[in-house]
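S.K.: Dropping a prediction and its sequence here:
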Amino acid sequence: MQPVGRAGLLAGLSLLLLSGCNFDSGSGGGLGAGVASAPGNGMGGNGSGSTGSTGFSGGGGGPSGTTDAVVATPSVAGTVSVAIGSSQTISVTFTSGDDRSIRGLAISATTLPAGWSGTAGYSCTLVGAGSSCVVNLTYAPQAADSGTLSLNYIYIDNANEPKTPGGTLLIPYLATAHDNVVAALSPTGLISAAIGAGTQSVSVNFSTDNGNAATALTLITDLSSLPAGWSSMASGFSCAIVSTGSGCQLVLDYTPTVAASGTLTLSYVYTDDFGGADTGILNIPYSTTTDGNVVALAAPTGQVEAIQKTGSQPVSVTFTTADGKPATALTVLSDLTKLPAGWSSKASQFTCKQLSTGNGCQLALVYAPVVLARGTLSLNYGYFDAGGTYTVGSTDIGYAATTDDNVVATAAPSGQINAIVGMGSQPVAVTFTTDDARPATALQVTSNLAALPAGWTSPGSFSCSGLSSGTGCQLSLSYQPAAAGSGTLTVSYSYLNNAGEAKSGSLNIPFRATTDNNVVATASQNPLTVTVGSNTPINVTFTTDDGNPASAMTITSGLSPLPVGWSGASSFACASVSVGSGCQLALSYAPVAVDAGTLTLGFSYTNNSGMLKSGTLAIGYSAGP
């Protein structure tokens, strides 16, 4: 067979697509073994088969005896669970079931349920085992819902026979109130590597679909028993906290030594933001290649993040061949002038005449969001492999706009914390929230809660895996002083903000221990016995019974008028009373005749604990010859 010229091949493929996208689709038939497939002698052939572990069904009727079949593998196995108000992108990879090229793949007669998007205008020139066609579906539910999405597709097999009906992929879905951990693959689509020609590195990034933190993620797939060619530096994998970003990332290597194809399934468990146990499954289709298959790798890896309005994140997409063999005429098929909001490219088109390894074929993008959003940027590209065959590929780049938010701590009651010695404890609640209600993670109180000031008690340590608004992250303290005193309790903490930056903060809580004390009045002579015609000075000193201060002491009765023979101020007050002679009233007694009686002074004050109290002092006196 003589090679076909590239110009002629492209023209023929264009004509094929124009005719292939208009076929009618029929109904599906039997169940496939975990993936959807088309009729024939491949997977799910002739509408028969058995129930697969993932619950997806394969296509049915059509001509029998053909060997070609399209195999559709969703990136999420089982039910797609997405938190209400969030979104998740599910990649469906189409490959050939028998290594022979299949053409004119298109989505047909598919009506997406509410909340689903991504099939409009989708078609793919060629489908093969060593290359892939990928359609990205996004599920963004706005209300509680459940159901099954039926994705119908048509194509032309290697015998040039249109498959109408072609195949059907069933994807069960569920909208939930809690968050879900989703796993994103980089590179996306079919993982290809050349036999004996090096390693294809694969990153699996775990994040939550609504940005709230999940905890205790553990991979239950045995990393020491992966399919042939697959390996991991770790024997196990777990993350204490999962939210956004690339903080929870598993790296795998695919280094095949023999021809192979299949699907690597990774299963994991975690605890969601409601404290419930949950599970997830990621499908990774793979195959070997010998013809310079092009892979696209985005940097930074994992979810791309940038701060809303003020930040930008450069992103480079490097195109290389998996086996180092040269590929030619690479063209990004996606419209670079119509990228998702926040994304931009200086180039309206991107091509590379030739590529192999290195970064000689690199597309530069920028993510600079102006609104809070998250999603997946999908780039489709076509090229001629080392054998001269036109091939298509796709890569997905997850992204999220974040905020440079801060965690603030608020104490209740606010202001100075007061407690009375011997009168029980004062509870204090410290609530941690973010200043924009966007999530922060990994909050840890860094102050030594086991060594607080005298009278304070705490749990000993405190942390929150995730927080935003409300009272979900609250530290409980108690103040029960044994002696009067005052000071400031400082609560310091660290956290990761919504942009994944490490930050810290502190809260100062002034406190004061008071006593239920009393003001005591003491006369310098009491009782007082004098002779008529004498003049005797009397000093009345006001102090507190425990040495702690009282305030606003005022004599309320007894001075106006004074008894006959007595003299002194008609009123008396002290702003503060404690010890010593700082608060002293001067009187004198100078009788001119025989007399006897009692001088009674009434007074009021505010004691050390702020309580209004009163007291009296009685001074007995007599005058004789």
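M.R.: Here it is on my side, so go on. Please read these numbers as outputs of a predicted model, since none were measured by experiment.
S.K.: From here on, just use CA atoms for contacts and neighbour counts.
M.R.: Will do.
S.K.: The helix or strand hosting Leu377: which residues count as buried?
M.R.: Under DSSP states H and E, the secondary-structure element containing Leu377 is strand 374-384. For strand 374-384, the neighbour count (16 or more other Cα atoms under 10 Å) marks Arg374, Gly375, Thr376, Ser378, Leu379, Asn380, Tyr381, Gly382, Tyr383, Phe384 as buried.
S.K.: quick one: low-confidence ranges for this structure?
M.R.: Scanning the chain with the threshold set as pLDDT under 70 gives 1-67, 99, 121, 128-132.
S.K.: partners of the strand ranked longest in it in the sheet?
M.R.: Using DSSP state E to define each element, the chain has its longest strand at strand 162-176. Using DSSP bridges, the strands paired with strand 162-176 are strand 80-83 (parallel), strand 146-156 (antiparallel).
S.K.: what's the offset of the strand holding Leu377 from the middle of its chain?
M.R.: 26 Å (Cα atoms, centre = their mean, to the nearest Å).
S.K.: Against which helices or strands is it packed?
M.R.: strand 88-96, strand 327-332, strand 390-402 (3 or more Cα pairs under 8 Å, 6 or more residues apart in numbering; DSSP states H and E).
S.K.: relative to strand 390-402, how tilted is it?
M.R.: Angle of strand 374-384 versus strand 390-402, following axes from the mean of the first three to the mean of the last three Cα atoms, to 10 degrees, is 160 degrees.
S.K.: Which neighbours in the sheet does strand 374-384 have, and how are they oriented?
M.R.: For strand 374-384, pairing defined by DSSP bridges yields strand 327-332 (antiparallel), strand 390-402 (antiparallel).
S.K.: I'd like to know which of these lies nearest to Leu612.
M.R.: Of all the strands paired with strand 374-384, strand 390-402 sits nearest to Leu612, with 53.8 Å by Cα to Cα.
S.K.: can you dump the C-alpha coordinates of the helix or strand just after that closest one into PDB?
M.R.: Counting by DSSP H and E, the next helix or strand C-terminal to strand 390-402 is strand 407-412. C-alpha atoms of strand 407-412 as PDB (Å, rounded to 0.1, in the frame of the first residue of the first chain):
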ATOM      1  CA  VAL A 407      -8.700  33.800  58.600                       C
ATOM      2  CA  VAL A 408     -10.000  36.100  61.400                       C
ATOM      3  CA  ALA A 409     -10.600  35.000  64.900                       C
ATOM      4  CA  THR A 410     -13.400  36.500  67.000                       C
ATOM      5  CA  ALA A 411     -13.900  36.000  70.800                       C
ATOM      6  CA  ALA A 412     -17.300  35.900  72.500                       C
END
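S.K.: quick one: contacts of strand 407-412?
M.R.: Residues outside strand 407-412 that contact it (Cα atoms under 8 Å, 6 or more residues apart in numbering) are 428-435, 440, 495, 497, 505-507, 509.
S.K.: one more time with 10 Å, if that's ok
M.R.: By Cα atoms under 10 Å, 6 or more residues apart in numbering, the residues outside strand 407-412 that reach it are 417, 427-441, 443, 467-469, 473-477, 491-498, 503-509.
S.K.: Among these, which are located in strands?
M.R.: Per DSSP E, those map to strands at 417, 427-434, 440-441, 443, 467, 474-477, 491-496, 503-509.
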